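# Need coordinates for the following:
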Amino acid sequence: MSKPTPPTDPAVAADLRFFEALLTADHTTLDTMLAPDFLIVDVAAGNVTARTEFLNFVSAHAVQFTRITPFPDETVVRRFGTTTIVIGRTTMEFNSPDNPRTTTASRYTHVYTSTSDTLLLASAQGTPIPT
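Alright, predicted model coming up:
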């Protein structure tokens with residue numbers, strides 16, 4: 001694996017802000033962070049969810065995150081023009097209608113696009129890993 005990116009990197013900070021917004025179901029923060037055509041592939045079932053549906057799920061607590069433990073010392077950031085790719089690791093605990101409590105360790109890929117000084121999260125995907 002590449003050398004970890006310092007936790008002061010703007011993309012690492014954006015990831016941490018995203019995780020905090022998930023924990024607090026902060027629709028306003030998520031709304032400002034997500035690109036208009038944002039897509040997420042969920043770590044539990046592999047379903048692809050678009051921005052509006054994702055925001056509705058989080059805001060309505062259809063999926064409620066109770067714990068997200070990121071490992072920023074393992075985060076690798078790569079930049080290609082206006083695209084930033086982040087690969088990291090988390091352990092998440094969440095509740096959903098089908099599963100009252102799920103704990104998942106995962107590696108994730110987040111793809112950001114830059115507009116002036118802002119990073120917008122365009123895509124997110126998690127892959128379960130053994131703990």
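
# show me where this structure has strands.
Using DSSP state E, the strands found in the chain span residues 34-41, 48-50, 64-70, 76-80, 83-95, 102-115, 118-128.

# of those strands, which approaches P10 most closely?
Evaluated over these, closeness to P10 peaks at strand 118-128, with 6.3 Å, by CB to CB. Yep, even glycine has a C-beta here, placed from its N, CA and C like the rest.

# Can you give the contact residues for the closest one?
Contacts to strand 118-128, defined as CB atoms under 8 Å, 6 or more residues apart in numbering, come from residues 10-11, 14, 18, 33-35, 37-43, 84, 90, 104-114.

# Mind giving me the ChimeraX command for buried ones among these?
Typed into ChimeraX, the line below selects the buried ones among the contacts of strand 118-128, using 16 or more other CB atoms under 10 Å:
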select :11,14,18,33,34,35,38,39,40,41,42,43,84,90,104,105,106,107,108,110,111,112,113
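
# one step back: tell me which of the strands of the chain lies nearest to V58.
Nearest of the strands of the chain to V58, taken as CB to CB: strand 64-70 at 8.2 Å.

# now the strands of the chain in JSON lines, with mean pLDDT and distance to L22?
Conversion of those to JSON lines gives the following (pLDDT from 0 to 100; distance: least, CB to CB, whole Å):
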{"stretch": "strand 34-41", "mean pLDDT": "96", "distance to L22": "11"}
{"stretch": "strand 48-50", "mean pLDDT": "95", "distance to L22": "13"}
{"stretch": "strand 64-70", "mean pLDDT": "92", "distance to L22": "5"}
{"stretch": "strand 76-80", "mean pLDDT": "96", "distance to L22": "20"}
{"stretch": "strand 83-95", "mean pLDDT": "93", "distance to L22": "8"}
{"stretch": "strand 102-115", "mean pLDDT": "92", "distance to L22": "12"}
{"stretch": "strand 118-128", "mean pLDDT": "94", "distance to L22": "10"}
